[in-house]
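Chemist: Just the structure for this:
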Amino acid sequence: MFYRDERLALFIDGSNLYAAAKSLGFDIDYKLLRQEFMRRGKMLRAFYYTALLENDEYSPIRPLVDWLHYNGFTMVTKPAKEYTDSMGRRKVKGNMDIELAVDAMELAPHVDHVVLFSGDGDFRPLIEALQRKGVRVSVVSTIRSQPPMISDELRRQADNFIELDELRDVVGRPTREPRPEFAEEAAATEES
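Modeler: Predicted coordinates:
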């Protein structure tokens, strides 16, 4: 539930939201997403968190990051770490949980409602801390994927759970071509 006079802030875990939307078979249109939540309340900030591969000549997510930055999103990025696992596979690690949690706690005195776009159970203590400060928390993720993309404890802690699949008609568009696992929503940037 949203109230029109609420001060809202969006916290988007980029890789988590991308994976949830992909599991449901659609891409996020970030312009529409921002508009939807501006209609739901007084949006103060929309944060987007992602790790970037800095050592590649071209990062597939760079166009999305640039578009979001120029279109009202506060971008929080850091270099991703590349490593080779025990099976010899190239892996990329870029967890942004701490950055998101710190920003949410710093903004808490200035907002009434936080919308967290992630199903990561590691955020349960953050939600609990925000609630102790009087902030209502909605979580956007999905239980309709196999397996569900939201942890049960995160869903139980939130004041409100928003099923991402139910936002498909409002903020979604059909997926384009397959992308590398680490690329997040790189192809979603042709909306300028």
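Chemist: wait, isn't residue 65 in contact with residue 76?
Modeler: No - Residue 65 lies out of contact with residue 76 (C-beta atoms under 8 Å); the separation is 10.2 Å. (Each C-beta comes from the backbone N, C-alpha and C, glycine too.)
Chemist: Name the residues contacting each of the two.
Modeler: Contact criterion C-beta atoms under 8 Å, 6 or more residues apart in numbering; residues shared by residue 65 and residue 76: 48, 50.
Chemist: neighbour-wise, which of these two wins?
Modeler: Taking neighbours as other C-beta atoms under 10 Å, residue 65 and residue 76 compare with residue 65 leading, 21 against 18.
Chemist: That one and residue 34, how far apart?
Modeler: Distance of residue 65 to residue 34, given as C-beta to C-beta, to the nearest Å: 15 Å.
Chemist: tell me what whichever helix or strand residue 68 is part of is packed against?
Modeler: Per DSSP states H and E: residue 68 is located in helix 62-70. Packing contacts for helix 62-70, counted by 3 or more C-beta pairs under 8 Å, 6 or more residues apart in numbering; DSSP states H and E, involve helix 30-40, strand 42-52, strand 74-79.
Chemist: repeat that for 7 Å
Modeler: Secondary-structure packing of helix 62-70 (3 or more C-beta pairs under 7 Å, 6 or more residues apart in numbering; DSSP states H and E): strand 42-52, strand 74-79.
Chemist: from what I can see residue 30 touches residue 69, true?
Modeler: No - counting by C-beta atoms under 7 Å, residue 30 does not reach residue 69; the two are 11.1 Å apart.
Chemist: Of those two, which one has the most company?
Modeler: Between residue 30 and residue 69, residue 30 has the larger neighbour count (other C-beta under 10 Å), namely 23 against 13.
Chemist: nearest spatial neighbour of that one, skipping sequence neighbours?
Modeler: Spatially, and ignoring its direct neighbours in sequence, residue 30 is nearest to residue 68 (6.1 Å; C-beta to C-beta, 6 or more residues apart in numbering).
Chemist: which residues touch that neighbour?
Modeler: By C-beta atoms under 7 Å, 6 or more residues apart in numbering, residue 68 lies in contact with 30, 48, 75.
Chemist: Check which residues of the helix or strand where residue 27 lies are buried.
Modeler: Secondary structure from DSSP H and E places residue 27 in strand 26-28. For strand 26-28, the neighbour count (16 or more other C-beta atoms under 10 Å) marks 26, 27, 28 as buried.
Chemist: Partner strands of that strand, with direction?
Modeler: If you go by DSSP bridges, strand 26-28 pairs up with strand 172-174 (antiparallel).
Chemist: buried sites along the strand it pairs with?
Modeler: Under the neighbour-count criterion of 16+ other C-beta under 10 Å, strand 172-174 has residue 172 buried.
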